[in-house]
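Participant: got a sequence here, can you build the structure:
(chains A, B, C, D, E and F)
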There are 6 protein chains.
Amino acid sequence: MASGIFLGRFQPFHNGHLEMVAKAQAEVDELIIVIGSAEKSFVEDNPFTAGERMTMILETIALSDWENIIVVPIRDLGRYGLWVHHLEDMLPKFSIVFSSDGPTIALFQEKGYRVKTFDMKNRQVLSGTAIREIMALGNPTWEEHVPLGTKKVINEIEGVDRVKHMRR
Amino acid sequence: MASGIFLGRFQPFHNGHLEMVAKAQAEVDELIIVIGSAEKSFVEDNPFTAGERMTMILETIALSDWENIIVVPIRDLGRYGLWVHHLEDMLPKFSIVFSSDGPTIALFQEKGYRVKTFDMKNRQVLSGTAIREIMALGNPTWEEHVPLGTKKVINEIEGVDRVKHMRR
Amino acid sequence: MASGIFLGRFQPFHNGHLEMVAKAQAEVDELIIVIGSAEKSFVEDNPFTAGERMTMILETIALSDWENIIVVPIRDLGRYGLWVHHLEDMLPKFSIVFSSDGPTIALFQEKGYRVKTFDMKNRQVLSGTAIREIMALGNPTWEEHVPLGTKKVINEIEGVDRVKHMRR
Amino acid sequence: MASGIFLGRFQPFHNGHLEMVAKAQAEVDELIIVIGSAEKSFVEDNPFTAGERMTMILETIALSDWENIIVVPIRDLGRYGLWVHHLEDMLPKFSIVFSSDGPTIALFQEKGYRVKTFDMKNRQVLSGTAIREIMALGNPTWEEHVPLGTKKVINEIEGVDRVKHMRR
Amino acid sequence: MASGIFLGRFQPFHNGHLEMVAKAQAEVDELIIVIGSAEKSFVEDNPFTAGERMTMILETIALSDWENIIVVPIRDLGRYGLWVHHLEDMLPKFSIVFSSDGPTIALFQEKGYRVKTFDMKNRQVLSGTAIREIMALGNPTWEEHVPLGTKKVINEIEGVDRVKHMRR
Amino acid sequence: MASGIFLGRFQPFHNGHLEMVAKAQAEVDELIIVIGSAEKSFVEDNPFTAGERMTMILETIALSDWENIIVVPIRDLGRYGLWVHHLEDMLPKFSIVFSSDGPTIALFQEKGYRVKTFDMKNRQVLSGTAIREIMALGNPTWEEHVPLGTKKVINEIEGVDRVKHMRR
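Facilitator: Predicted coordinates for the structure are as follows:
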């Protein structure tokens, strides 16, 4: 059984992530979505808690017909040289890594993993940073760039206000 | 939607745990199984990694017809006074806590949670400690006390040998 | 009894802080001054130790007639999502939070606290950053912006030299 | 000005501690009561939070006529070889250490401090361990061994129940 | 070039260790002596600092004609599942592990290392625990069980007194 | 016996470092080269592991006729106010500190150490930052600025690729 991991911070989980999950889950028997920097929240670059991000993803998956996806929050270790081993220790066995982040790709490749990367369309808009910027400006178009599950969570927790207040 | 958490270290996941999961998942819309002390492994009281324990549980659930269960490994915080808040931060919202551990029950009750407890039959045999003891003695009857998923994982990783070697 | 906390890093404790303490202590029965990032010292943005900062504040209070003030150094937790609970765990009960920092205000408000904020006069000069800048330039006017207690401590520890040397 | 520190975990703050504080404060201009293992709570040996222990002490001092006492919660460092330096970093300058614990006395003496020790009367009863044992048995005589401030806090937080529940 | 590591806490470095170092260094081109639990000191089971233990070993080696030995203090990680990778990250490449500790042997073998073990003569006397016991009793025969380098360091730092004082 | 320490991160160990080691070792009986931030690797500013950096230095020393040098990797403590004491705890006794970094010099001087500094020729080229920049550009002249031991290690681990990939 081929198992893969998809790594991200998901601040918030947006349509670019969703597109990658769609492709990744089609290539493996089981896909583990790893919510990185799980311990970070209530700061400018990481406004949402791991629980909130997990809910965004689970609510989005619940609306799909995908059945082979697991979501796991993982706290940072502060040791990139041990990061791959840390994930091997904390997660079920995996053999493929999905990522579009250069250093992450290199790190897993040095440890012998097969890494698959995706070209993201509209990278400029479809990034967590860009979407938080739109939210901070009070522009309601952020809703166009995230799936329904994310929109629902952000509205419930008044997440736009949080993004605004965490700005320095 | 009522959501609940079931807390344990699952060293290993055994039939007593399975019985409690069966009851708990029937009472909630979503059950989150929290693998505590996720960072601990390769020591006498905690021989199995979080990834191995997660696999035991996932393989067992895959053989059931339960569809409302999530499994999440959580590292210790070393702060019991913040433990409940730590779980609130890391997990989707939950309102019920399932546990048969006295201090855990008290901790969540002080923070205002509704806690449900179970009488476990055969507590003497159905404990992780007792099962590891049987394994360390080289007695094959440990297999009678764990579900198929756990048996499969322990055999694949030669877990009986590991339990023996970690003894001091 | 109404109890309040006033949060800051106090690098160093200056006249702006003093003005806020004066107002805050008049509104509560007990005021707890929390020295944040207590573990940080001997770096450019945080030159003074928690002990030195505590002494600056205690010596200043000793010259006042306020009798309802407590000073407590608190180390960072690295978890903003748990920060409010961390303070609840480490301090006597409090119900009011005094702060002029946007993210801090939002964080406590999300957790249900009443937060009072102050307009600081001369914010440009009365900030720790601005005062350290003046010290680093060798300009003796820094003394005009801090209370006697702070001046005394900085002179005793040759703090101006330390601020200069920690520059990169 | 001679300043001293008095170290303890204060689980809970009892009459033996009070007797030592009385003697210690009479010998120095300023006494800093350090609440050690501040991060520990909700476990068998350390049931009370730092905030609760701080309140026990402050309420007790408020009933005395002592005016030279400061109370500071300090989290463990996990490095006994750096412990003395850690306290020097976190606290105002001190020159005398009050303690009745052998290893603590030796540690400060090796670093060149003057340590004063006390013979505690009724050591068997007047220890945190003994008092928690009495509480766990449901015996109301624990109240005889603690000052009013401690009694008040424990009753407010239903501390006897907590002590009972944390037993394993 | 074959390189090996020899792991221990060396509290203190004794003749049993010396005998094993002698054998191990003869089998490899380079031997790295790893001082484990380097951060622990001034407690009953770990009285000596990493610096003191390093000096015991270096002074002993200086009296030998061995030239292929390196000594490295390593702080604990609190993650046995990552311990082997942690050493791979912190040390020059090694291929052989020398140890007489069961769990350590199993841990390195699971990760694919070749482990060599030794039968220690007089294990009952030649253990750190036994030697600290003799020291605590004020019995001067501890000197017979340690090399000159260790004896010299312990006398210089008045280590016998420290061992006595750390007893609880 | 005069013993000294030379502190650096050595990302990578270059000719400027080598020149300073040459001078420093001539002034002391024993020189301890401390590899700082040992836990950092696989990131832009710190691409090489402690083990790799240690090998660069050991291979370089092996080509010299210096016999009084020890190399020790030390993980960060996150407490500059305790940094000097941390090194005293982890290392054999030392009395001289060699450094060309302003804050480090000031930190040791405040704690009473004798610090010796060097003027580095060609500081602009001979810095880790500058050399990593040259490597990232794919310019082979980086080899001119490092000793043979460093060149050998970087080529073996394909370190130029790593430096390129860690860029963000």
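Participant: distance of the closest residue to chain F within chain A from chain C?
Facilitator: Relative to chain F, the nearest point of chain A is residue A:106 (3.3 Å; CB to the nearest CB). (C-beta placed from N, C-alpha, C; glycine too.) For residue A:106, the distance to chain C (CB to the nearest CB, to the nearest Å) stands at 27 Å.
Participant: for that residue, give me its contacts.
Facilitator: Applying CB atoms under 8 Å, 6 or more residues apart in numbering or on different chains to residue A:106 gives the contacts F:161, F:162, F:165, F:166.
Participant: what about the residue lying closest to the second one once chain neighbours are set aside, distance to residue D:128?
Facilitator: Put plainly, it is residue F:162. Of all residues not flanking residue F:162 in the chain, residue F:47 sits nearest, at 5.2 Å (CB to CB, 6 or more residues apart in numbering or on different chains). Going from residue F:47 to residue D:128 by CB to CB, to the nearest Å gives 50 Å.
Participant: who has more neighbours, the two?
Facilitator: Neighbour count, other CB atoms under 10 Å in any protein chain shown: between residue F:47 and residue D:128, residue F:47 has more, with 29 against 21.
Participant: does the more buried one touch residue F:164 like I think?
Facilitator: No. Contact criterion CB atoms under 8 Å: residue F:47 and residue F:164 do not qualify, at 9.5 Å.
Participant: rewinding a little: got the contact list for the residue nearest to residue F:162?
Facilitator: Going by CB under 8 Å, 6+ apart, residue F:47 touches F:11, F:41, F:132, F:159, F:162, F:163, F:166.
Participant: output the helix or strand of chain A with the lowest mean pLDDT as CSV - backbone C-alpha positions only.
Facilitator: Ranked by mean pLDDT, DSSP states H and E, the weakest helix or strand in chain A is helix A:102-110, scoring a mean of 91. What follows is helix A:102-110, C-alpha atoms only, in CSV (Å, rounded to 0.1, in the frame of the first residue of the first chain):
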residue,chain,number,x,y,z
GLY,A,102,12.1,24.0,-1.9
PRO,A,103,13.9,23.4,1.4
THR,A,104,11.3,20.7,2.4
ILE,A,105,11.8,18.9,-0.9
ALA,A,106,15.6,19.0,-0.5
LEU,A,107,15.4,17.7,3.1
PHE,A,108,13.3,14.7,2.3
GLN,A,109,15.4,13.9,-0.8
GLU,A,110,18.6,13.9,1.2
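Participant: for that helix, what is the distance to the chain centroid?
Facilitator: Averaging C-alpha positions (CA atoms, centre = their mean, to the nearest Å) puts helix A:102-110 17 Å from its chain's average.
Participant: if you count neighbours, what's buried in that helix?
Facilitator: For helix A:102-110, burial by neighbour count (16 or more other CB atoms under 10 Å in any protein chain shown) applies to A:103, A:104, A:105, A:106, A:107, A:108, A:110.
Participant: so what's the first one closest to, chain neighbours aside?
Facilitator: Leaving aside its sequence neighbours, residue A:103 sits nearest to residue F:166 (CB to CB, 6+ apart; 5.1 Å).
Participant: which one of the contacts of residue F:47 sits closest to chain A?
Facilitator: Closest approach to chain A among those (CB to the nearest CB): residue F:41, at 4.1 Å.
Participant: is it true that that closest one touches residue A:81?
Facilitator: Yes. Assessed by CB under 8 Å, residue F:41 is found in contact with residue A:81 at 4.1 Å.
Participant: end-to-end on stretch A:2-19?
Facilitator: Start-to-end span of stretch A:2-19 (CA to CA, to the nearest Å) is 20 Å.
Participant: quick one: buried residues of that stretch?
Facilitator: For stretch A:2-19, the neighbour count (16+ other CB under 10 Å) marks A:3-18 as buried.
Participant: residues in contact with the stretch of helix or strand residue A:81 belongs to?
Facilitator: Element membership for residue A:81, per DSSP states H and E: helix A:80-90. Helix A:80-90 is touched from outside by A:5, A:34, A:72, A:74, A:77, A:79, A:94, A:107-108, A:111, A:113, B:38, B:41, B:49-51, B:73, E:79, E:81-82, E:85-86, E:89, F:39-43, F:49, with contacts defined as CB under 8 Å, 6+ apart.
Participant: off-centre distance for it?
Facilitator: The chain centroid and the centroid of helix A:80-90 are separated by 18 Å under CA atoms, centre = their mean.
Participant: dump the C-alpha coordinates for it into CSV.
Facilitator: Extracted C-alpha coordinates of helix A:80-90, given in CSV (Å, rounded to 0.1, in the frame of the first residue of the first chain):
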residue,chain,number,x,y,z
TYR,A,80,15.5,20.3,10.9
GLY,A,81,18.2,17.7,10.8
LEU,A,82,15.8,15.4,12.8
TRP,A,83,12.6,16.6,11.2
VAL,A,84,12.2,13.7,8.8
HIS,A,85,12.9,11.2,11.6
HIS,A,86,10.4,13.0,13.9
LEU,A,87,7.7,12.5,11.3
GLU,A,88,8.7,8.8,10.8
ASP,A,89,8.3,8.4,14.6
MET,A,90,5.0,10.2,14.9
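Participant: pLDDT on that helix, on average?
Facilitator: In this model, helix A:80-90 has a mean pLDDT of 97.
Participant: next SSE downstream of that helix?
Facilitator: Once the chain leaves helix A:80-90, the next helix or strand it forms, by DSSP H and E, is strand A:96-98.
Participant: returning to what we had before: widest-spaced pair of the contacts of residue F:47?
Facilitator: The most widely separated members of those, counting by CB to CB, are F:41 and F:132 (13.1 Å).
Participant: nearest residue to residue A:153 other than its sequence neighbours?
Facilitator: Using CB to CB, 6+ apart, the nearest residue to residue A:153 is residue A:56, at 4.7 Å.
Participant: chain E contacts on chain A?
Facilitator: By CB under 8 Å from any CB of the partner chain, the part of chain A that sits against chain E consists of A:79, A:81, A:82, A:85, A:86, A:89.
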